[in-house]
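In: sequence plus the predicted model coming up.
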Amino acid sequence: MSEALVIIPTYNEKENIQKIIKAVFNLINSFHVLVIDDNSEDGTADLVKQMMSQYPESLFLEQRPGKLGLGTAYIHGFKWALKRNYQYVFEMDADFSHNPADLMRLLDACKNGNADMAIGSRYINGVNVVNWPIGRVIMSYYASAYVRLITRMPVRDATAGFKCYRRHVLEIIDLSKIKFMGYAFQIEMKFAAWRCGFNIVEVPIVFTDRTEGKSKMSSGIFKEAFFGVLQMKIKSWFGSYKKSN
């Protein structure tokens with residue numbers, strides 16, 4: 001039984017899913033992988049099922065009936081992990097924008113360092129992004145600056161989606177209070193952890209844009225994040241993200 005679970009949400013990722021799973025399992029450390037597929041039309045889930053006989057004790061699949069949003073996928077995965085004995089729970093994209101080798105560094109920050117949440121950060125040491133148009137780099141960089149301005153949260157890469165949580169973080173945060181399902185979900189989980197007093201550490205990574213498959217980004221996702229940060233901050237004045245005893 002591994003103590004570390006990597007959650008990979010998918011929607012139409014047939015070009016990447018088997019390769020990313022193999023890359024995780026080829027690491028020195030033993031990770032388990034949970035794929036949460038939102039009824040991909042391209043057969044992504046079938047490709048995962050083909051691999052499950054090869055990795056019966058370490059590869060798992062949860063299929064959902066439709067495209068229900070990134071946030072609900074991760075929360076589904078968090079609850080799945082908490083029902084089992086995983087001590088470290090990861091978020092990672094399927095498209096290789098997050099280098100699987102960096103899982104080791106995030107795990108080290110939580111297991112051997114003092115991090116409750118470790119973030120694979122594009123902006124802690126300058127700007128480390130490959131293959132993005134300059135407009136998207138600027139938008140992403142200043143989106144994080146905007147989040148810091150509104151929330152006062154000391155995180156350089158507030159929108160990062162490559163993370164490791166210690167188990168107790170997910171046990172303490174009331175996941176029912178996490179309301180944002182798209183881009184803003186990543187911000188809200190960091191904000192919730194910070195508001196609960198957990199130590200957030202940023203680990204520098206190089207983010208490389210996908211080379212296969214289609215991006216799921218849209219203008220609506222950025223709109224949710226922009227207005228969602230304001231809503232999130234105002235809501236925090238009247239309540240806590242911690243579970244009530």
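Out: Thanks, I have the structure now. Residues are numbered from 1 along each chain as shown.

In: how about the helices of the protein, start to end?
Out: Counting by DSSP state H, the chain has these helices, from start to end: 17-25, 44-52, 70-82, 103-111, 134-151, 167-172, 183-195, 219-236.

In: identify the residue nearest the geometric centre of the protein.
Out: Nearest to the mean C-alpha position of the chain, by CA atoms, centre = their mean, lies residue 91 at 3.2 Å.

In: do I have it right that that residue meets residue 185?
Out: No: with contacts counted by CB atoms under 8 Å, residue 91 stays clear of residue 185, the gap being 9.7 Å. (Each C-beta comes from the backbone N, C-alpha and C, glycine too.)

In: any shared contact partners between those two?
Out: Common neighbours of residue 91 and residue 185 (criterion: CB atoms under 8 Å, 6 or more residues apart in numbering): residue 74.

In: hmm, back to that, just the helices of the chain: most buried one?
Out: Mean neighbour count, computed with mean count of other CB atoms under 10 Å, is highest for helix 183-195 among those, reaching a mean of 24.

In: helices and strands around that helix, which ones?
Out: helix 70-82, strand 117-121, helix 134-151, strand 163-166, strand 200-204, helix 219-236 (3 or more CB pairs under 8 Å, 6 or more residues apart in numbering; DSSP states H and E).

In: which residues of this structure score low on pLDDT?
Out: Low-confidence segments of the chain (pLDDT under 70): 210-225, 245.

In: follow-up on the earlier one: turn the helices of the chain into CSV, columns for distance to residue 207.
Out: Listed next are these as CSV, based on distance: least, CB to CB, whole Å:
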stretch, distance to residue 207
helix 17-25, 15
helix 44-52, 22
helix 70-82, 17
helix 103-111, 14
helix 134-151, 9
helix 167-172, 23
helix 183-195, 13
helix 219-236, 17
